[in-house]
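Trainee: this one's structure only:
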């Protein structure tokens, strides 16, 4: 029996090893399903909202139970799961949702694409719908992938690469870090600096209400919050900007604050390490190292960011400098050869991937902080947001060009060493998707999704639950021997409870601080 267990463990390790990834266009096709799902959800919501009479609208708004959850899961979660596994259906899914959205738009009595000013109050609010949706989808995609990769139904080209290459899961870890930085304290504190150069509109639009949006009248009534399916904060609440400057901490206080910020994730990282060792769980050593895991990386980022406490401007300078200096060390001072080939003959060398990749992850976080600071600028006009969308798309084109230049020079994308081409590619995909989300939020409106709101509210807690679920499933069954049908059934049975936990915590107004 022990021989069989050891044999299966080695087969499992081989199953996720020596992979070379996919192409940029292939990954882009899968990721395109994310904003398409949101567009489909918003247009479909508007269609049913405007089509039903007042008494049935009220019933629709109260459909927060099982029926509403099932609809949201089918529309917002299942397409992502299918596009990551049964990839041959991705083009069909995209075509179906885009064509159906166009049809529902033409059939809607009052067009769902409201006058742009109607969306401005929502998008300028403290809780920005496009950021909630973007961050939720980055986490949902990660949650799905960390279990799906253990099944044969998940294409090997989407799993993490061994050394160099582009894959869906490689981009996932960088995207999670970036999505965290967009709403960080540093990004929100950068609000005042970045908003100082933005002109305030003379007559800012009042907050839209459901009754106003359901008619052709463009005047807004009393500022009631729009109906929502999930719990949590009102996404249309006004931005609260601190007017008093924060007190400057001493160096000792800063160290203590940094330790407090990183301690919970550090504890989770050690708990994961001891649990995986105790059950002889398979580990891909070249991913992070012999003892390191992603929770240690998140803990390291939390400590360093809390210690440095950079402003939005300094984050841009420091992030860019770190990225450039680290790439110079990789290319010209033998660091890449050390990470790739040096024997694991010490505790430091045993975890070289995790330790050195921390520099790259920190660069992503710092650059994301600057982007978040820009997005949280207050009193933004419609013209400002359009320029923001174009600016994000332009930066995405530039970072893609930078990645291509590096590849032409022989410096290939590598998540393992977290090099500059990888960081630029993470920025490319995320900035383009984020720009699309902002565009959708500018021209459409819908009550927030209960699933997306729940996942967004307790991201790290949901990620922890998903890691526990992944471990339990891997211990209880031979995943690499499962058929496609069994694999999909298990993945659905895994994602549904995760979503239920997220929704339940949100509806009970519970935020788990990690």
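Mentor: Done, it's in. As the structure is a prediction and not an experimental result, all values here were calculated from the model.
Trainee: CA only for contacts and neighbour counts going forward, please
Mentor: OK.
Trainee: check contacts around residue 352.
Mentor: Residue 352 makes contacts with 288, 289, 339, as judged by CA atoms under 8 Å, 6 or more residues apart in numbering.
Trainee: and which of these is nearest residue 95?
Mentor: residue 288 (38.2 Å; CA to CA).
Trainee: can you tell me what sits against stretch 167-177?
Mentor: By CA under 8 Å, 6+ apart, stretch 167-177 touches 21-24, 27, 135, 138-139, 141-142, 145, 157-161, 298, 361, 364-365, 415, 423, 426, 430.
Trainee: quick one: low-confidence parts of this structure?
Mentor: By pLDDT under 70, the weakly predicted segments of the chain are 1-2, 49-64, 108-119, 190-251, 254, 279-280, 282, 378-379, 514.
Trainee: contacting residues for the residue nearest the centre of it?
Mentor: The centroid of the chain falls nearest to residue 138 when counting by CA atoms, centre = their mean (2.4 Å). By CA under 8 Å, 6+ apart, residue 138 lies in contact with 172, 175, 176, 179.
Trainee: buried subset of those residues as a PyMOL selection?
Mentor: Selecting only the buried entries of the contacts of residue 138 in PyMOL, with 16 or more other CA atoms under 10 Å as the criterion:
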select buried, resi 172+175+176+179
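Trainee: from the contacts of residue 138, pick the one nearest residue 437.
Mentor: residue 179 (13.2 Å).
Trainee: what about residue 19, neighbour count?
Mentor: A total of 19 residues lie near residue 19 under the criterion other CA atoms under 10 Å.
Trainee: which residues touch the residue nearest to it when sequence neighbours are not counted?
Mentor: Leaving aside its sequence neighbours, residue 19 sits nearest to residue 161 (CA to CA, 6 or more residues apart in numbering; 4.8 Å). By CA under 8 Å, 6+ apart, the residues touching residue 161 are 17, 18, 19, 20, 21, 167, 170, 414, 415, 416.
Trainee: buried only: go through those residues for me.
Mentor: 17, 19, 20, 21, 167, 170, 414, 415, 416.
Trainee: for the second one, what are its contacts?
Mentor: Just to be clear, that refers to residue 19. Contacts of residue 19 (CA under 8 Å, 6+ apart): 156, 157, 159, 160, 161, 162.
Trainee: and with 10 Å instead?
Mentor: Residues in contact with residue 19 (CA atoms under 10 Å, 6 or more residues apart in numbering) are 156, 157, 158, 159, 160, 161, 162, 163, 164, 165, 167.
Trainee: and it, backbone torsions?
Mentor: phi -100, psi 150 (degrees, to the nearest 10).
Trainee: can you count the residues close to residue 6?
Mentor: Applying other CA under 10 Å, we find 13 other residues in the vicinity of residue 6.
Trainee: which residue sits closest to residue 142, ignoring its sequence neighbours?
Mentor: residue 172 (6.1 Å).
Trainee: how near is the one you found to residue 494?
Mentor: 19 Å (CA to CA, to the nearest Å).
Trainee: same deal with residue 20?
Mentor: 28 Å.
Trainee: got it, and residue 175?
Mentor: Distance, residue 175 to residue 494, by CA to CA: 22 Å.
Trainee: Serialize the contacts of residue 161 to TSV and add fields for distance to residue 40 and secondary structure.
Mentor: Output for the contacts of residue 161, formatted as TSV (distance: CA to CA, whole Å; DSSP: H, G, I helix; E, B strand; the rest coil):
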residue	distance to residue 40	secondary structure
17	37	coil
18	38	coil
19	34	coil
20	33	coil
21	30	coil
167	26	coil
170	27	helix
414	34	coil
415	32	coil
416	36	coil
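Trainee: where's residue 410, which helix or strand?
Mentor: Using DSSP states H and E, residue 410 sits in no helix or strand.
Trainee: circling back: tell me the helix or strand right after the strand or helix carrying the residue nearest to residue 142.
Mentor: Here residue 172 sits within helix 168-182, counting by DSSP H and E. Next helix or strand after helix 168-182 toward the C-terminus (DSSP H and E): helix 185-189.
Trainee: against which helices or strands is that next one packed?
Mentor: Helices and strands touching helix 185-189, by 3 or more CA pairs under 10 Å, 6 or more residues apart in numbering; DSSP states H and E, are helix 168-182, helix 294-308, helix 312-332, helix 352-375.
Trainee: buried set for the third one?
Mentor: Buried positions in helix 312-332, judged by neighbour count with 16+ other CA under 10 Å: 312-320, 322-324, 326-328, 330.
Trainee: how many neighbours does residue 12 have?
Mentor: 20.
Trainee: I meant residue 285, not that one.
Mentor: For residue 285, using other CA under 10 Å, the count is 16.
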